[in-house]
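Enquirer: the sequence isn't on hand, but the structure is:
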């Protein structure tokens with residue numbers, strides 16, 4: 001049976017951010033398929049600056065969760081968040097890292113990108129690298145959706161980049177950008193309202 005454009009649009013529009021998963025194990029072959037599909041995202045100069053860290057070891061996850069929690073708590077305290085709310089948020093962030101069936105860290109690597117002597121083009125090159133890595137992240141989520149998995153994209157590794165690099169002993173050029181939690185969904189959330197095209201589009 002052939003796949004129609006309507007089928008594909010339906011598929012794209014039915015991806016959800018899923019945060020609660022069944023305990024079922026996700027086969028390694030499925031994770032490899034998802035990561036391979038993610039690498040087919042477009043990238044600036046075709047340099048493919050995305051890097052993936054599959055955090056499979058439970059002890060590594062626990063170390064990561066504890067280390068990131070220290071940074072998170074420090075930031076919340078500096079924001080004068082009440083202690084009970086800090087405790088709740090820190091506990092939730094640790095549970096996400098340690099309990100999700102699959103945790104994949106998405107990193108950016110500038111080592112193969114172009115370099116310039118001026119700030120303007122250096123900044124533009126970094127931004128196009130971020131865009132490339134983000135495209136791979138979106139492709140990863142869609143590939144997971146195609147495999148019947150749910151997932152969510154957590155951006156808070158941006159607040160703890162050095163801590164993550166040290167805790168996981170990452171290559172120096174691998175800059176954490178986000179983390180994906182994947183698994184077979186406990187439930188599928190309803191779609192959230194979308195902004196009207198009229199409000200977000202101009203045609204010139």
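Expert: Sure thing, it's come through. Model, not experiment: these values are computed from the prediction. Numbers count the residues shown, from 1 in each chain.
Enquirer: shouldn't residue 138 be in contact with residue 41?
Expert: Yes - assessed by Cβ atoms under 8 Å, residue 138 is found in contact with residue 41 at 7.3 Å. The way it works is simple: take the backbone N, C-alpha and C, and place the C-beta from them, glycine included.
Enquirer: of the two, which one has the most company?
Expert: A count of neighbours by other Cβ atoms under 10 Å puts residue 41 above the other of residue 138 and residue 41, at 18 against 13.
Enquirer: so when I look at residue 108, I'm seeing a helix, right?
Expert: No - counting by DSSP: H, G, I helix; E, B strand; the rest coil, residue 108 is located in no helix; its state is strand.
Enquirer: number of nearby residues for it?
Expert: Using other Cβ under 10 Å, residue 108 is surrounded by 22 other residues.
Enquirer: now the longest helix anywhere in the chain: average pLDDT?
Expert: If you go by DSSP state H, the chain has its longest helix at helix 119-146. Mean pLDDT, helix 119-146: 98.
Enquirer: give me the helices and strands touching the longest strand seen in the chain, please.
Expert: Under DSSP state E, the strand in the chain containing the largest number of residues is strand 174-183. Applying 3 or more Cβ pairs under 8 Å, 6 or more residues apart in numbering; DSSP states H and E, we find strand 174-183 packed against helix 83-99, strand 102-109, helix 119-146, strand 150-154, helix 161-168.
Enquirer: quick one on the thing from earlier: buried ones in the longest helix of the chain?
Expert: 125, 128-130, 132-137, 139-145 (16 or more other Cβ atoms under 10 Å).
Enquirer: picking that back up, distance between the longest strand of the chain and the chain's centre?
Expert: 4 Å (Cα atoms, centre = their mean, to the nearest Å).
Enquirer: who does it pair up with?
Expert: Sheet pairing for strand 174-183, assigned by DSSP bridges, gives strand 102-109 (antiparallel), strand 150-154 (antiparallel).
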